[in-house]
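Asker: when you get a sec, could you give me coordinates for this:
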Amino acid sequence: MQTIWLSGAEWLAVLRIGLGLWWLESWRHKDRKGWFERGTGIAWAADVAGKHRWGVVRTGFRRVVEPRPKLIAYVVVYAELALGLGLVTGFLTPIALIAGLFLNLLYLVLMIHDWAEQGQNAMMALISLVALFAMAWQTWSLDAAFGLFL
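Answerer: Model (predicted):
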């Protein structure tokens, strides 16, 4: 493989780190007080799910999220932080990539009517797949330093 400036493995590390920074930005701009104390994030998602054209989304939300809104708020917010930190540092990278892919697909399905969200989540999912299958933790990562997943 020929590349400009960096090696192919280094460009994949750049892609992985960029995805991690994207997750960290998602975490940074969240109104955590609103999510945790007032339930704003889950209330917004409940409104979206309640109007969803797919019954499985409405039913799934009612069964999984509505009975435990505070717990799910913490899971979502801190999952985004953990994904960002894991991908930027390259620690437990394959696990972070699979978890991020899953979260992006959940977001994509929930917000199927929102074109902007679809684009963001589709691109983040694609980057996760490329980074996973190209093993983007081989360079500039704690995983490589500790000899994990090689």
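
Asker: and the residue lying closest to residue 7 once chain neighbours are set aside, helix, strand or coil?
Answerer: Residue nearest to residue 7 in three dimensions, not counting chain neighbours: residue 139, with 7.5 Å by Cβ to Cβ, 6 or more residues apart in numbering. The C-beta positions use only the backbone N, C-alpha and C, and glycine is treated the same way. Per DSSP: H, G, I helix; E, B strand; the rest coil, the secondary structure class of residue 139 is coil.

Asker: and for residue 139, the neighbour number?
Answerer: Counted with other Cβ atoms under 10 Å, the neighbours of residue 139 add up to 19.

Asker: same deal with residue 68?
Answerer: By the criterion of other Cβ under 10 Å, residue 68 has 12 neighbours.

Asker: that one and residue 35, how far apart?
Answerer: To residue 35, residue 68 is 14 Å away according to Cβ to Cβ, to the nearest Å.

Asker: report the central residue of this protein.
Answerer: The residue lying closest to the centre of the chain (Cα atoms, centre = their mean) is residue 100, at 3.5 Å.

Asker: any idea how far that residue is from residue 25?
Answerer: For residue 100, the distance to residue 25 (Cβ to Cβ) stands at 13 Å.

Asker: quick one on the thing from earlier: who's in contact with the residue nearest to residue 7?
Answerer: For residue 139, the contact set (Cβ atoms under 8 Å, 6 or more residues apart in numbering) comprises 7, 9, 10, 12, 13.
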